[in-house]
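# Need coordinates for the following:
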Amino acid sequence: MLGLYLLVSCIAVTLERSPSKLELIEERIDQLENALKACTSPDLRKRASNPTTPVAFSAYLSSDVTPVADYEALVYDHVIYNSGDAYNAHVGRFRAPVRGIYHFVATSQSYSSDYIEFELVKDATMLCRGRGSQSYQSTGTCAATVHLYANNDVWVRHYSSQGNAIKGSGYSVFTGFLVHAD
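Now for the predicted structure:
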């Protein structure tokens with residue numbers, strides 16, 4: 001009889017503990033469901049269904065440019081890389097294919113003992129300026145991270161009326177890429 005009593009007591013203790021295990025399992029299921037919902041949010045579903053083509057380019061001046069007129073667009077004509085075909089080497093302009101955050105860098109080297117001033121431009125707005133000084137073949141750099149809408153243009157232009165020659169042969173480069181699409 002004592003054996004039967006111990007068996008019933010063990011079953012009772014086990015049954016008392018079972019609901020807490022069940023509660024733990026239910027709690028874990030709730031956590032996993034919430035994590036799954038976060039992974040399948042509308043934003044992530046949108047991104048998964050509409051992957052963005054990589055957008056990046058790099059081009060350089062293949063030959064010296066002289067003279068350069070005030071506010072003339074600098075046409076970096078030799079394309080090294082142009083994923084997404086957003087850079088037009090015929091006019092020297094990048095046109096954003098998608099809305100997002102982009103990063104651009106422009107370098108231009110002064111020619112001989114002259115200097116060169118240039119600016120990176122988004123549509124009609126100056127983003128930054130660079131200057132290659134009057135020391136022999138000095139390079140100026142300008143870099144900007146900017147939010148663009150689809151079809152915004154970015155290019156490099158000569159800025160100052162002084163200094164009107166730019167060294168080519170790969171010494172002057174314009175490059176940019178999409179950091180994050182909206």
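
# Only C-alpha atoms from now on, for both contacts and neighbour counts.
Fine.

# which residues of the protein score low on pLDDT?
1-19, 32, 34-52, 112-113, 134-137, 161-162 (pLDDT under 70).

# which residues in the protein form helices?
Using DSSP state H, the helices of the chain run over 2-39, 42-49.

# Let me see the domain layout of the chain.
The chain breaks down by automatic domain parsing into domains covering 2-48, 52-181.

# Just put those in CSV and tack on mean neighbour count.
Putting those into CSV (neighbours: other Cα atoms under 10 Å) gives the following:
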stretch, mean neighbour count
domain 2-48, 11
domain 52-181, 19
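
# mind listing the strands for this protein?
Assigned by DSSP state E, the strands in the chain fall at 56-60, 78-83, 87-88, 93-95, 100-110, 116-122, 125-132, 139-148, 153-158, 166-167, 173-181.

# can you redo those strands as JSON lines with distance to Val68?
Supplementary listing: the strands of the chain in JSON lines, determined by distance: least, Cα to Cα, whole Å:
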{"stretch": "strand 56-60", "distance to Val68": "16"}
{"stretch": "strand 78-83", "distance to Val68": "18"}
{"stretch": "strand 87-88", "distance to Val68": "20"}
{"stretch": "strand 93-95", "distance to Val68": "17"}
{"stretch": "strand 100-110", "distance to Val68": "12"}
{"stretch": "strand 116-122", "distance to Val68": "9"}
{"stretch": "strand 125-132", "distance to Val68": "14"}
{"stretch": "strand 139-148", "distance to Val68": "16"}
{"stretch": "strand 153-158", "distance to Val68": "7"}
{"stretch": "strand 166-167", "distance to Val68": "8"}
{"stretch": "strand 173-181", "distance to Val68": "16"}
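
# Out of those strands, flag the one nearest Ile29.
strand 173-181 (33.9 Å; Cα to Cα).

# what bridges to the residue lying closest to Tyr171 once chain neighbours are set aside?
Leaving out its chain neighbours, the residue that sits closest to Tyr171 by Cα to Cα, 6 or more residues apart in numbering is Gln109, at 6.1 Å. Beta-bridge partners for Gln109, by DSSP bridges, are Thr139, Lys167.
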